[in-house]
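[1] Here's a sequence, model it:
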Amino acid sequence: MSRRRSERIFKRNHRRVPNEISSIIIETLTDNFPALHSLSLVCKDFAALAQPHIFREIDLVPKIGRRPKGRDSLIHRFASLRNHSDVIKFTQRLHFSSDGASWEEFCEMTCILDLLPALISLSIDRPEYPVYQAIEASSISGTLKQLHISDPDLYSLHFLCFQRMLMSLTHLEVLAVFCLLGHTYTRALTLPSSLRVASFMGVNTDSLHAISEGLDKAPLPLLRTLVLGPYSDSVGHVDWGGIGADCQVIYDVGYVLDENDVGAFISSMSGMTTSRIMFISSKSRLPTQFLSRIILQLPSFVREICITQTSTVEPSYQFDPQQYQGEWAELDSALIQRRELGLLKRVCFRCTNFKDTCSPRHSIFGSEFLFGDYGPAEPLVEDRRILDHIENLLPRSKDAGFLEVDRDTLFFEATM
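    This next block holds a predicted model:
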């Protein structure tokens, strides 16, 4: 028997690493893509077993300042895998950007969308109407469960294409749109009836009107969470009569431009009829002065308030309870005043990690909320020590018996 044939028989009948051990290692490294990739290059057993993890999430967005063209583009290179169905069948999350994309890349993305049977979450930066049309015409329109869109272009024709695309997504459960700005909509934005979670971060009044009118004309019976991040310079009353009583409304106060300018922010929620409101902040310092002014002007329907602060901060950050003691005293007074008017049943404070998924691109909050415009300068750390000071900072609310400090909830929950 030749030596070469003997080697082939040995390789076929003897694994380098037992299957069980390989599975344990891969499970340990499931979110460490570089390590999985390196292992798959040196061990053929890992190459096969790691494929579902390596190709589970695909990011086709090039680094800032680098967008290869033609055959070197990330979109083209991924599209070249379409003949390898055993690989692309594992892709569950896909992220790409239309910014600067060529027509050829648009066409390739259209083909790609039809070849991803396991795709459940799609994230797109700066999509244009050809992308909306491609999604509407693709097979994922009947299977996609999560759609995340950043900086959409929704002028006239684009808005109509966007609307048709949304209505084609019959199984969509999560819709997150970031930076929905600047357009004077002449019609309501109707959302898929299957939605359970809707998030609109960085929106102006025109956008809020379009969303609220859509909810009023076509209420969403399954909607349980609505996240809103209106810019504080937005103006105009917004009617939210289409929101069901079981829907948890969450306001992000991170888009506050001026802590003294609460009128515009209040006008965006003046039509709210829900009894529970949650305020969230991704900033290391809670805008207590802004919250004080908001709480005094909340609609009379609101009887329960939850304030959730991020627990992830830069290592150099140190919470000083004395630094803003006057602002906390103002917040304490606002809570007491609302309580004395019979308009406040309870207020709850939390400090949680907002990372709701292993991929920020597929979060209902978006990567900018989690990490800022350009990402953290250094790795963030967990710091929940603010909870140790809440009762001392709000002594009157504590003594009145309606202040709760939730130390058990470590990760964000859209419940109160």
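
[2] Now do the contacts for Leu180.
    With contact set as CB atoms under 8 Å, 6 or more residues apart in numbering, Leu180 has these partners: Pro152, Leu154, Phe200, Gly202, Val203, Asn204, Ser207. Heads up, the C-betas are built off the backbone N, CA and C, glycines and all.

[3] Nearest to Pro117, out of those: which one, please.
    Ranked by distance to Pro117 (CB to CB), the contacts of Leu180 are led by Pro152 at 26.1 Å.

[4] The closest residue to that closest one other than its chain neighbours: how many residues sit nearby?
    Distances taken as CB to CB, 6 or more residues apart in numbering place Pro127 nearest to Pro152, at 5.8 Å, with adjacent residues excluded. Neighbour count of Pro127, defined by other CB atoms under 10 Å: 26.

[5] Check what pLDDT Pro127 gets.
    Note for Pro127: predicted pLDDT of 87.

[6] How about Ala47?
    pLDDT at Ala47 comes out at 61.

[7] could we number from 28 for the rest of this?
    Let's use 28 as the start, then, which means that last one is Ala74.

[8] need the strands for the stretch 178-327 of the chain, in chain order.
    Per DSSP state E, counting those that start in this stretch, the stretch 178-327 of the chain carries strands over the ranges 201-207, 224-230, 252-257, 275-279, 303-308.

[9] how about these in CSV, adding distance to Phe392?
    Shown next, in CSV, are these (distance: least, CB to CB, whole Å):
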stretch, distance to Phe392
strand 201-207, 8
strand 224-230, 7
strand 252-257, 7
strand 275-279, 8
strand 303-308, 8
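
[10] Identify whichever of the ones you listed lies nearest to Thr442.
    strand 275-279 (6.5 Å).

[11] From the contact counts, what lies against the closest one?
    Secondary-structure packing of strand 275-279 (3 or more CB pairs under 8 Å, 6 or more residues apart in numbering; DSSP states H and E): strand 252-257, strand 303-308.

[12] what sits opposite Ile334 in the beta ladder?
    Per DSSP bridges, the residues bridged to Ile334 are Phe306, Phe376.

[13] Which pLDDT value goes with it?
    At Ile334, pLDDT is 97.

[14] quick one: it and Leu318 touch, right?
    Yes: look at Ile334 against Leu318 with CB atoms under 8 Å: they come within range, at 6.7 Å.

[15] what do those two both touch?
    Common neighbours of Ile334 and Leu318 (criterion: CB under 8 Å, 6+ apart): Phe306.

[16] related to what we said a few turns ago, from the contacts of Leu207, which single one is nearest Asn419?
    Set against Asn419, the nearest of the contacts of Leu207 by CB to CB is Gly229 (34.4 Å).
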